[in-house]
Structure formats: structure tokens, C-alpha cells
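Asks: I'd like to go over a predicted model; first the sequence, then the structure.
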Amino acid sequence: MNETAEHTIIDEMGIRRALTRIAHEILEKNKGVENCTLIGIRTRGIYLASRVAERILEIEGVPIPVGEIDITSYRDDRVKVKSVENVQEGGKIQIQDRKIILFDDVLYTGRTVRAAMDALIDLGRPQMIQLAVLVDRGHRELPIRPDYVGKNVPTSKSESIEVLLTEIDDKDGVMILQQRGKQE
């Protein structure tokens, strides 16, 4: 059977709190946001980075550049990404000698993050790359660890995580999906 059972693990308020906490942690770890750029991995990472940038603006009163990177073709076709797009103003974002905070919705095997880091490094030499994720579900295949985590959600390999964001899905939430009949 292809039926799935789902359970909400983070609601709208939980996502808001997690992103506010991540914003504070970024400010603390980097002693402000000077020389920082937030870059979201398309698609949901972009919206998470933008929301954190809004929180940082509310907290510090300082705008922070937000960019997006699409690694789909990078992973599948080995075609190189040519630039990081600025989501706020259009145009390109410079990453050379910048502190890059890379955003993704779910960290699982680490392969998406590795592809994004490869793409960023091909575009220039950031001062550093930090990783922020809304959900860390474990099961890493590569030695990648996030600097900022909204929520750690240990899962079995038969489970999956679905992140819903208002900008795409008309509501916020994180759900764990269990394939019926496929429990570990």
C-alpha cells in the first residue's frame, strides 16, 4: 500500500519561534551581522533565509543581504551555477570574503548541502560558510553538521519530513510522514 500517516511536529508558532531563535544565535555567533549574507537553497531555504533576515532587522535594525542558490542542475547535470541571485533587490550577490549562512529546510544525508557548498565555492572564496536548517532529521552520509537548528527530529529511514511554508503552501507547519506497512 502507498498510504501514509502524517503527524504535525511543528506548527506555525513553532516555526516562528525556531526562526527567531536562529536569528538571535546568528547575531551572537557572528557578533552582529557585519559582512554576513544569508543564502537560501531553492526553494524553501530562500523563504527561511528571508524570514530570518526580517527577524534580524527587527532585532538589530540592520538589513542583511539575502540570496538564493538553485543547485538542481548542479546536482543532476553537473552544470555549474553561475551566480547567487539577490532575492531582495535582484542582481547578483557577492560571496567573496563574506560570512555565508546557508539555509535549507531539512538536513538529511547532507548531499544537498554539499552540492550547495560546492556551487558557492565555485563562485568565489567565502570567509566562512555556516549552515542553518529548520529540521535536522539525522541519517548523514557526509560529515556535515549544522551551526543552527530549528528542531532535531530523529526519524527512521521509512519516515520523511514535509515542510510547509505560507509563501508556497498557504500554511506553515512541519509534518512527519510514515509510509504505512514500512516501519523499521
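Replies: Structure's in. What do you need?

Asks: pLDDT-wise, which helix or strand of this structure ranks last?
Replies: helix 72-76 (a mean of 63; mean pLDDT, DSSP states H and E).

Asks: in this structure, which spans are strands?
Replies: Ranges of strands within the chain are 4-10, 36-41, 66-69, 85-86, 99-107, 128-136, 148-152, 159-164, 173-179, based on DSSP state E.

Asks: Check what pLDDT the spatially most central residue of the chain gets.
Replies: Centroid check for the chain by CA atoms, centre = their mean gives Asp104 as the closest residue, at 1.7 Å. Note for Asp104: predicted pLDDT of 98.

Asks: what sits against it?
Replies: Asp104 makes contact with Gly40, Ile41, Arg44, Gly45, Leu48, Thr112, Val113, Ala116, Leu131, Ala132, Val133, Leu134, according to CB atoms under 8 Å, 6 or more residues apart in numbering. Glycine gets a C-beta too; all of them are placed from N, C-alpha and C.

Asks: Give the buried residues for the helix ranked longest in the chain.
Replies: As assigned by DSSP state H, the longest helix anywhere in the chain is helix 12-30. For helix 12-30, a neighbour-count test (16 or more other CB atoms under 10 Å) marks Gly14, Ile15, Ala18, Leu19, Thr20, Arg21, Ile22, Ala23, Glu25, Ile26, Leu27 as buried.

Asks: Thanks a lot, see you next time.
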